[in-house]
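> Could you work out the structure for the sequence below:
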Amino acid sequence: MKNPIIQLKGLTKNYGRQIAVDNLNLEVYEGEIFGLLGPNGAGKTTSILMMLGLTEPTRGTATVCGYNATRDAIKVKKKVGYMPDSVGFYDHMTALENLVYIGRLNGLSGTEVKEKAVRVLDLVGLTAAEDKKTSTFSRGMKQRLGLADVLIKDPDLIILDEPTLGIDPAGVKDFLSLIRQLSREQNLTVLLSSHHLHHVQQVCDRVGIFVEGRLLAEGNLETLSKQLFGKNGYTTVINLEQALPEPWPHQPVLAAWDFIDDITSYGHTVEVTGSQNITPALVRFFVENNYDIINVNQRNYGLDDIYQKYFESGTGKDNYKKTA
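Numbering: from 1, shown residues only. Take a look at the predicted model:
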């Protein structure tokens, strides 16, 4: 296991009686891309501000790059590159001039800053636009320049808050591909905050589901599926030629099988969910009992199902009680 570059322990932020972040415990490891996924207003940005030492927690601690973010905020800022959801530039300056200025603010000398700025612009795919004024830039180009701003200081960790906001689909795909490429090539740790589940799914190694200030679950897709849907991680859907009677006489027979947790039958369809993949045995059972099978599908729970479970069905808090 790699070293944690972010360690949050009991991190809590209250604004009067309102709890913005509630007892957040989280570790993000060196070299990974971690997605903090949640709706607007969930407390993601407040959590980030505490990690950067820009706001003090009510309780708990945030240790970032080995430093306490509250006591050693300046040391944390030297190690971390932060890109907020809205990046601002000097419109009368070119991309290169903006980047050189940022480099000097970060302590780079006049002899090295321009050379490094040119190199970083090439990294983010803006070489052709380096002499254009940023007032002419699209939202996607500004996000790339914002990423260059972050990278020029050679950070150990980059934190991106809603980085794909307002970018067209093609631009989102390119931007996320760039993030993954940079993370892999430079061993960069990335914390990406977003409410777009598909963007998070495209690029992140692990995901944390964040709702109403609480981290309800975290892990890769397999781990999250087990946390949310219990041990029954395998679902087989069998569509039959003939309609099933009600009650279906074979349902109690299958219910007695090992590894089967739930059976649903309706119309021409049977869904069997369990803790192991027993699809071949199920197919044999239906054939031996003279059912004509049209097709068989295995359903894997994805981030769409997880998103729906928490944000649409309203069961997030109940699941938190079961899995925390």
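
> Assumed Gly81 was part of a strand.
Yes. Assessed with DSSP: H, G, I helix; E, B strand; the rest coil, Gly81 lies in a strand.

> Break down the stretch 51-200 of the chain into its strands, ranges please.
59-64, 67-68, 80-83, 157-161, 189-194 (DSSP state E, counting those that start in this stretch).

> May I have the strands that pair with the second one, each with its orientation?
Applying DSSP bridges, strand 67-68 is found paired with strand 59-64 (antiparallel).

> Can you give me the buried ones in the strand it pairs with?
60, 62-64 (16 or more other Cβ atoms under 10 Å). To be clear about C-beta, it is placed using only N, CA and C from the backbone, and glycine gets the same treatment.

> which ones are touching Ser47?
8, 11, 13, 21, 24, 36, 210 (Cβ atoms under 8 Å, 6 or more residues apart in numbering).

> what angle sits between the helix or strand harbouring it and strand 189-194?
Per DSSP states H and E, Ser47 falls inside helix 44-51. For helix 44-51 against strand 189-194, the angle by axes from the mean of the first three to the mean of the last three Cα atoms, to 10 degrees is 150 degrees.

> Residues contacting stretch 252-269, please?
230-232, 237-244, 248, 251, 270-276, 278, 281-282, 285, 294.

> List the beta-bridge partners for the closest residue to His92 other than its chain neighbours.
In space, and not counting its chain neighbours, His92 is closest to Lys133: 6.5 Å by Cβ to Cβ, 6 or more residues apart in numbering. Here Lys133 sits in beta bridges with Thr94, going by DSSP bridges.

> so Ile152 makes contact with Glu115?
No. Ile152 lies out of contact with Glu115 (Cβ atoms under 8 Å); the separation is 11.1 Å.

> Who has more neighbours out of those two?
Neighbours were counted for Ile152 and for Glu115 using other Cβ atoms under 10 Å; Ile152 has more, 24 against 11.

> Tell me who's in contact with the more buried one.
Per Cβ under 8 Å, 6+ apart, neighbours of Ile152: 99, 102-103, 106, 108, 116-117, 120.

> Ok, Leu240 next?
Contacts for Leu240 were tallied using Cβ under 8 Å, 6+ apart; they are 268-270, 286, 291-294.

> Kindly indicate the member of these with the most neighbours.
Val270 (22 neighbours).

> how about the nearest residue to that residue, chain neighbours excluded?
Ile238 (4.8 Å).

> before we move on, the earlier item: would you mind checking the contacts of stretch 252-269 for buried ones?
Among the contacts of stretch 252-269, those scoring as buried are 232, 237-238, 240, 244, 270, 272-274, 278, 282, 285 (criterion: 16+ other Cβ under 10 Å).

> ok, back up a step: just to be sure, which of the contacts of Ser47 are found in strands?
Taking DSSP state E as the definition of strands, the contacts of Ser47 contribute 8, 11, 13, 21, 24, 36, 210.

> out of those residues, who's nearest Glu185?
Leu36 (23.1 Å; Cβ to Cβ).

> What's opposite the nearest residue to that closest one once chain neighbours are set aside in the beta bridge?
Distance criterion Cβ to Cβ, 6+ apart; nearest residue to Leu36, sequence neighbours excluded, is Ser193 at 4.4 Å. Ser193 has these beta-bridge partners by DSSP bridges: Leu36, Asp161.

> neighbours around Ser193, how many?
A total of 23 residues lie near Ser193 under the criterion other Cβ under 10 Å.

> One more: the one 3 residues further on?
The criterion is other Cβ under 10 Å. On that basis, His196 has 15 neighbouring residues.

> Repeat that for Asp262.
The burial count for Asp262: 12, using other Cβ under 10 Å.

> what helix or strand does it sit in?
Using DSSP H and E, Asp262 falls in strand 260-266.

> next structured bit after that strand?
Following strand 260-266 in sequence, per DSSP H and E, is strand 269-274.

> any idea which helix or strand comes after that following strand?
Strand 269-274 is succeeded, C-terminally, by helix 279-288 (DSSP H and E).

> can you give me the angle that next one makes with strand 260-266?
Using the same axes, to 10 degrees: helix 279-288 against strand 260-266 is 40 degrees.

> and helix 279-288 with strand 269-274, angle?
140 degrees.

> Could you double-check that Lys114 sits in contact with Glu97?
No. Contact criterion Cβ under 8 Å: Lys114 and Glu97 do not qualify, at 9.7 Å.
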